[in-house]
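K.L.:
Fold the following for me, if possible:
(chains A, B, C and D)
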Number of protein chains: 2
Amino acid sequence: MDDQPRRTRIQERNRARILEAALGTFARFGYRGTRVDQIASDAGMSKSNLLYYFGSKSEIYKAVLAGLLDRWLAPLRTLDPDGDPRRELTAYIEQKLRFSANEPEASRLFANEVMQGAPMIRDVLEGPLKALVEEKAEVLRHWAKAGKIRDVDPYHLIFLIWATTQHYADFAPQIEALTGSGIHDDRFRKGALETLSALLLEGLLPRA
Amino acid sequence: MDDQPRRTRIQERNRARILEAALGTFARFGYRGTRVDQIASDAGMSKSNLLYYFGSKSEIYKAVLAGLLDRWLAPLRTLDPDGDPRRELTAYIEQKLRFSANEPEASRLFANEVMQGAPMIRDVLEGPLKALVEEKAEVLRHWAKAGKIRDVDPYHLIFLIWATTQHYADFAPQIEALTGSGIHDDRFRKGALETLSALLLEGLLPRA
DNA sequence: AAAAAACCTGACCAAATGGTCAAAATGAGC
DNA sequence: GCTCATTTTGACCATTTGGTCAGGTTTTTT
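P.N.:
The predicted model follows:
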């Protein structure tokens, strides 16, 4: 598949710099809104030099996305069919919130790519992601059948967790404007986790 | 404030066309990623003619956003402090889902603007929106004190509703790839509403 | 230290982009 | 039909953008 690229130290360092800078601008302005020049200057090098490492804008974009998808997907993989639903789901939410806190730009880039119609990652969505989600949906159905959780549509449940956790990264400016804080703050993140998992597990209405 | 512009029929029609086309491309590509030329061609007119109606790209953008904010905010305004929490929240979720179904592009444009740091609407977020949200948070706290709902952080609760409902518009391509359907579909929307309100109100764990 | 390879720069280019303008075409009011 | 205001066009412009390239500089290898 991937042949070993055999990279120099300089290459290693500069490619990393470029990818980091590119993540920032792609996340903010999308693919079309991003200027190669700006990536270069953010990465602290000339445009010519940047293009020495990545032949074109779209090549940078693909490289950034490729590194991103795995990290985005990882938390879902850890959902354990044999675990306790309450524990498992709380852990899942926590991992997703942590991702939003630690890599908000990655979250926003993913959102941006999907909002544009997922032109670059459509095959991943329809292939590996779809398979994984179906597998985990089956886990949820199984829990429901065993009476461990209520019988709800597993897809909408998964979407709810994605939406709420990613929201803290994707809409960070709004949240900051309204609350004066954000998911990067430890206390805030703890509050979000508690409220989210409590609502998801116990619901809003008082129990009889 | 706004002086009456006194517009021709032609102006009325062409401005509307432009704003609609602009909504589409701004939602997809963001401000910087959008090309004036493309808006014009989507609106069925020449770039020159478009610029006869709106003097510049940013003028178009501002006009689109201005028309959008009210519609985005409207549902929250209807939350009635004297109503039954269960009814009120379900109605709120339904309105937000309807918005995602009927105006997905508006939802995506809003998301895009916020993700870029809300440069154009920051003052609205920090002013009117903040005030309205604080007001409604107070309603939720009041319900909690009256024992009508559980005592949860009202802000995270509001974010949960925003996140989940908007997700169906903003991440439509992903949802479509995974489920083969989307919020535009009546049956799908009904399913989303039922699952969402059930989860939010009753929670996932079976009641004792 | 010489040679080879890797790295970097600045000048350059064609295409695209936001925007202007004078003049032509179309419409409304009489 | 005639006049005047509105609308539309196409040619044009300066700037920006993605990308190339020849040659110079630094690092690595021998």
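
K.L.:
Check the offset of the helix ranked longest in chain A from the chain's centre.
P.N.:
Using DSSP state H to define each element, chain A has its longest helix at helix A:9-33. Relative to its chain's centre, helix A:9-33 lies at 17 Å (CA atoms, centre = their mean, to the nearest Å).

K.L.:
pLDDT weak spots in chain A?
P.N.:
Applying pLDDT under 70 to chain A flags residues A:1-5, A:208.

K.L.:
ok, back up a step: touching chain B at all, the next helix or strand after the longest helix of chain A?
P.N.:
Going down the chain from helix A:9-33, the next helix or strand is helix A:36-42, by DSSP states H and E. No. Helix A:36-42 does not reach chain B (CB under 8 Å from any CB of the partner chain); its nearest approach is 10.3 Å. All C-beta atoms are positioned from the backbone trio N, CA, C, and that covers glycine.

K.L.:
Next: stretch A:110-121.
P.N.:
Yes. For stretch A:110-121, a contact with chain B is found by CB under 8 Å from any CB, at A:Ala111, A:Asn112, A:Val114, A:Met115, A:Gln116, A:Gly117, A:Ala118.

K.L.:
Could you say which helix or strand holds the first one?
P.N.:
Just to be clear, that refers to A:Ala111. Applying DSSP H and E, one finds A:Ala111 within helix A:104-115.

K.L.:
elements contacting that helix?
P.N.:
Helices and strands touching helix A:104-115, by 3 or more CB pairs under 8 Å, 6 or more residues apart in numbering or on different chains; DSSP states H and E, are helix A:9-33, helix A:57-77, helix A:85-102, helix A:154-170, helix B:9-33, helix B:104-115, helix B:154-170, helix B:172-179.

K.L.:
For the residues of stretch A:110-121 next to chain B, could you give me TSV that also reports neighbour count and distance to DNA strand D?
P.N.:
Shown next, in TSV, are the residues of stretch A:110-121 next to chain B (neighbours: other CB atoms under 10 Å in any protein chain shown; distance: CB to the nearest atom of the strand, whole Å):
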residue	neighbour count	distance to DNA strand D
A:Ala111	25	21
A:Asn112	24	15
A:Val114	21	21
A:Met115	27	19
A:Gln116	20	16
A:Gly117	12	19
A:Ala118	20	21
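
K.L.:
quick one: contacts for whatever residue of chain A ends up closest to chain B?
P.N.:
Nearest residue of chain A to chain B, counting by CB to the nearest CB: A:Gly203, 2.8 Å away. Counting by CB atoms under 8 Å, 6 or more residues apart in numbering or on different chains, A:Gly203 touches B:Arg150, B:Leu199, B:Leu200, B:Leu201, B:Glu202, B:Gly203, B:Leu204.

K.L.:
didn't A:Asn14 look like it was pressed against A:Gly44?
P.N.:
No. Look at A:Asn14 against A:Gly44 with CB atoms under 8 Å: they stay out of range, at 9.4 Å.

K.L.:
if we can go back for a sec, could you list the residues in contact with the longest helix of chain A?
P.N.:
Contact partners of helix A:9-33, identified using CB under 8 Å, 6+ apart, comprise A:7, A:34-35, A:38-40, A:42-45, A:49-50, A:53-54, A:57-58, A:60-61, A:63-64, A:67-68, A:105-106, A:108-109, A:112-113, A:116, B:29-34, B:112, B:115-117.

K.L.:
rerun that using 7 Å as the cut-off
P.N.:
A:34, A:38-39, A:42-45, A:50, A:53-54, A:60-61, A:63-64, A:67, A:105-106, A:108-109, A:112, A:116, B:29-30, B:32-33, B:116 (CB atoms under 7 Å, 6 or more residues apart in numbering or on different chains).

K.L.:
Please indicate which of these are buried?
P.N.:
Buried by 16 or more other CB atoms under 10 Å in any protein chain shown: A:34, A:38-39, A:42-43, A:45, A:50, A:53-54, A:60-61, A:63-64, A:105-106, A:108-109, A:112, A:116, B:29-30, B:32-33, B:116, out of the contacts of helix A:9-33.

K.L.:
Which members of those additionally contact DNA strand C?
P.N.:
A:Met45 (CB under 7 Å from any atom of the strand).

K.L.:
sorry, back to before: would you format the contacts of A:Gly203 as CSV with secondary structure included?
P.N.:
Shown next, in CSV, are the contacts of A:Gly203 (DSSP: H, G, I helix; E, B strand; the rest coil):
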residue, secondary structure
B:Arg150, coil
B:Leu199, helix
B:Leu200, helix
B:Leu201, helix
B:Glu202, helix
B:Gly203, coil
B:Leu204, coil
